[in-house]
Structure formats: structure tokens, C-alpha cells
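Chemist: here is my input, please return the structure:
(one chain, ligands or ions: 2)
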Amino acid sequence: MAEVVHTPRVFSGIQPSGGLTLGNYLGALKRFGETQDQGEMPTIYCIVDMHAITVWQDPEKLRHATRALTAGFIASGIDPTKSILFNQSAVPGHAQLGWIFNCVARLGWMQRMTQFKDKAGKNSENVSLGLFAYPALMAADILVYHATHVPVGEDQKQHVELTRDIAIKFNNDYGTDFFPVPEPVIEGAATRVMSLRDGTKKMSKSDPSDMSRINLTDDADTIAKKIRKAKTDPEPLPETLDGLEGRPEARNLVNIYAALSGKAADEVVAEYAGQQFGTFKPALADLAVERLSPISSEMSRLMQDPAEIDRILAHGAEQANAIAAPIVRRARDIVGMVGA
Ligand code: ATP
Ligand code: MG
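Modeler: Numbering: from 1, shown residues only. Ligands and ions are numbered 1, 2, ... in the order given. Here you go, the predicted model:
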């Protein structure tokens with residue numbers, strides 16, 4: 001069969017499972033805006049509320065987090081007139097294709113997912129079925145738009161690889177080349193921002209400790225305090241990057257500085273070689289405040305008009321649905337489902 005060439009298209013999502021962190025900004029949002037502005041491919045960005053409820057969410061908080069996340073996207077440079085911006089549950093195609101993919105993906109594939117193991121912990125009998133099936137829905141999020149490029153942080157690499165496996169298996173099972181096999185796009189100096197309290201754990205919006213992360217809504221004093229209290233070691237910064245081996249907390253702060261300043265990590269190390277964290281941390285705090293405070297004030301401005309945010313989401317959902325609905329219709333037909 002001749003290979004179908006799929007039109008390049010970008011899709012990515014963020015869960016409204018809490019407030020946005022510096023990790024979400026550097027690993028995802030900042031790059032979403034850059035990709036949009038390069039203008040090489042259409043960009044579709046989604047607030048994945050169906051993923052958020054795989055862990056119980058207070059309904060009022062979920063509503064607020066969805067709007068705040070929308071404000072965070074816009075404040076970080078995603079322009080709803082250039083990108084499609086919407087929430088997942090408003091476009092039925094995600095759930096429809098998600099079910100078909102539940103029947104394509106294999107149990108063994110899901111059991112290998114490290115995010116499930118991390119999130120379920122020792123309690124895996126008691127977590128929701130949705131948390132386990134999450135990667136099949138994520139595959140649907142991407143493939144319901146025939147997206148070819150998926151910008152994500154390093155932690156999502158395994159899920160995008162599973163999406164590729166699902167696309168390939170669907171195509172093989174049904175003798176078609178309907179779905180593209182999408183590429184993860186993991187780029188930049190901070191593809192995995194670590195917790196400020198533990199350099200071996202990823203910074204997450206759902207971490208119980210607020211001191212583990214910088215929130216995009218933190219004020220200047222809070223950012224400075226969190227960086228001052230960030231775990232480090234007693235050694236000064238080394239001459240070269242090699243000297244940061246085995247020092248995950250120090251490496252993390254250097255990476256954050258690099259990503260925020262647009263410099264390479266080795267340039268940052270060269271600039272601060274031999275300096276103590278007592279010098280480096282205040283410089284990092286100043287840089288973080290300088291970069292994040294315009295985003296945070298734009299977010300609060302946008303949040304003053306939730307009706308406008310809802311209008312933006314509704315318009316985005318309409319545009320998204322116009323792409324997704326015909327793809328779902330065709331997928332149902334391939335599988336052998338009849339009806340409109
Ligand atoms: P949760 O704790 O609820 O899973 P999260 O902070 O991991 O929240 P997600 O909504 O799961 O955020 O992920 C949204 C995007 O942000 C994904 O592309 C993910 O790879 C990226 N991301 C999340 N955390 C980090 C991080 N610490 N460093 C870099 N990128 C990150
Ligand atoms: Mg996550």
C-alpha cells in the first residue's frame with residue numbers, strides 16, 4: 001500500500017489538575033507559543049479535563065482550574081485567533097475515539113506505563129479505571145486531529161510512544177493507513193524540571209507540597225522564598241557541566257536558569273563557576289520573577305472576565321469539532337460501525 005502523507009499538525013494538552021507550574025511553562029507552554037509563532041503547522045492546544053478527573057477533583061476547583069489554565073495559555077502567548085484552544089470534554093470525538101483505542105491497546109502495554117505506576121503507587125487496586133486507561137484517551141486526543149507533532153515534557157515521551165503503537169496497531173488490524181504515526185517533540189533546556197524539594201522527582205502541579213514547585217501565580221516574594229529554600233548541596237558551582245553529575249538539585253537550578261535566560265546550561269555554569277548558591281539563588285529568583293510576573297499579571301487580568309474565557313473555549317471547541325467529527329466518522333466506518 002502506498003504511504004499516505006499526513007499534513008503536519010501540532011496537538012498538545014495540559015490537565016486542569018491544579019495550577020500551572022514552572023515545569024508546565026518551560027516543558028510545554030513556552031514551546032507551544034513558539035511553535036504557534038513559527039507558523040509552520042496548524043496548532044491545536046487542549047485543556048484535558050477528562051484526564052484531570054482520573055483523580056477525583058472538587059467540581060468547583062475543576063471549573064476554576066480550567067478557566068485559569070485557559071488564562072495561563074493565553075498569558076503565555078497562545079493566541080486563540082492563531083491556535084485552536086479548547087477543553088477536551090466539549091468535543092465528543094475524544095471519548096468516542098478513546099473507546100475504540102481502549103479496544104486496540106493491550107493490557108500489557110498499559111501495565112508498563114511508568115506514570116500509572118508513579119500515580120497509583122502502592123494503592124493500585126483502589127485507583128480509578130480511568131487512570132489506568134488514560135494513555136488510550138491521550139492517543140485519541142492526538143489522533144482525533146491526525147496530529148503529527150506532539151510537543152511535551154520528557155515525562156510524556158512514553159505516552160506518545162504508546163500513541164504511535166496504537167496508531168500502528170489500528171492501521172495493521174484494519175489494513176489501512178488512516179492514522180499518522182505522531183512524533184514526540186521534546187526540546188529545550190528544561191524538558192524535565194525537577195521538584196525543588198527532591199531533585200530526583202519531577203515538579204508537578206499535583207504534588208502535595210507547594211514548596212516543591214513554582215506556580216505561575218506565585219508573587220515575587222513567594223518565588224524568592226521557594227528558590228532560597230530549594231534543596232541544594234554545600235558545594236559551589238563547578239567549572240563545567242560534568243561537575244554537576246550526581247548533584248541533581250544543583251543541575252535542576254542551572255537548567256531552570258538556562259531555560260529562563262535562553263542560554264545553554266554550560267554557559268550558565270561558566271558564568272557562575274566557583275560561586276556559592278548564596279549568590280546563584282538570588283540571581284535565579286530575580287530572573288524567574290522577571291520572566292514570570294508579566295504572565296501572572298496577565299492571567300489575573302484575564303480571570304476577571306470568566307465569561308470571555310468561556311466564549312474563547314466554546315469557539316475553540318467548535319473549530320476542534322469541525323476537524324475531529326469527520327475523523328471519528330471515518331474511524332467508525334473503518335471499524336464497521338454504521339449510522340451517522
Ligand atoms: P499532574 O501532576 O496532575 O500530572 P503535571 O504538572 O504533570 O500535572 P500535566 O498536565 O500532566 O502536568 O502535563 C502537561 C505538560 O507539561 C506535559 O507536556 C508535560 O510533559 C509537561 N510537564 C509537566 N511537568 C513537567 C516538568 N516538571 N518539566 C517539564 N515539563 C513538564
Ligand atoms: Mg503529569
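Chemist: now the host helix or strand of residue 297: mean pLDDT?
Modeler: In this structure, residue 297 sits in helix 277-303 according to DSSP states H and E. Averaged across helix 277-303, the pLDDT comes to 97.
Chemist: after that helix, which helix or strand is next?
Modeler: According to DSSP H and E, the helix or strand after helix 277-303 is helix 306-335.
Chemist: relative orientation of that following helix and helix 277-303 in degrees?
Modeler: Put simply, helix 306-335 runs at 90 degrees to helix 277-303, going by axes from the mean of the first three to the mean of the last three Cα atoms, to 10 degrees.
Chemist: which strands and helices sit next to helix 306-335?
Modeler: strand 43-47, helix 59-75, strand 84-87, helix 93-102, helix 277-303 (3 or more Cβ pairs under 8 Å, 6 or more residues apart in numbering; DSSP states H and E). Quick note: C-beta positions are derived from backbone N, CA and C, even for glycine.
Chemist: dump those to a markdown table, plus mean neighbour count.
Modeler: What follows is these, written out as a markdown table (neighbours: other Cβ atoms under 10 Å):
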| stretch | mean neighbour count |
| --- | --- |
| strand 43-47 | 26 |
| helix 59-75 | 21 |
| strand 84-87 | 24 |
| helix 93-102 | 20 |
| helix 277-303 | 17 |
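Chemist: same list (the ones you listed) but as a markdown table, adding distance to residue 255.
Modeler: Output for the helices and strands packed on helix 306-335, formatted as a markdown table (distance: least, Cβ to Cβ, whole Å):
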| stretch | distance to residue 255 |
| --- | --- |
| strand 43-47 | 24 |
| helix 59-75 | 21 |
| strand 84-87 | 28 |
| helix 93-102 | 33 |
| helix 277-303 | 11 |
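Chemist: picking up where we left off before, which neighbouring elements make contact with the helix holding residue 297?
Modeler: helix 59-75, helix 220-229, helix 248-261, helix 265-272, helix 306-335.
Chemist: compare those helices and report which one is nearest to residue 289.
Modeler: Of all those, it is helix 220-229 that lies closest to residue 289, at 4.5 Å by Cβ to Cβ.
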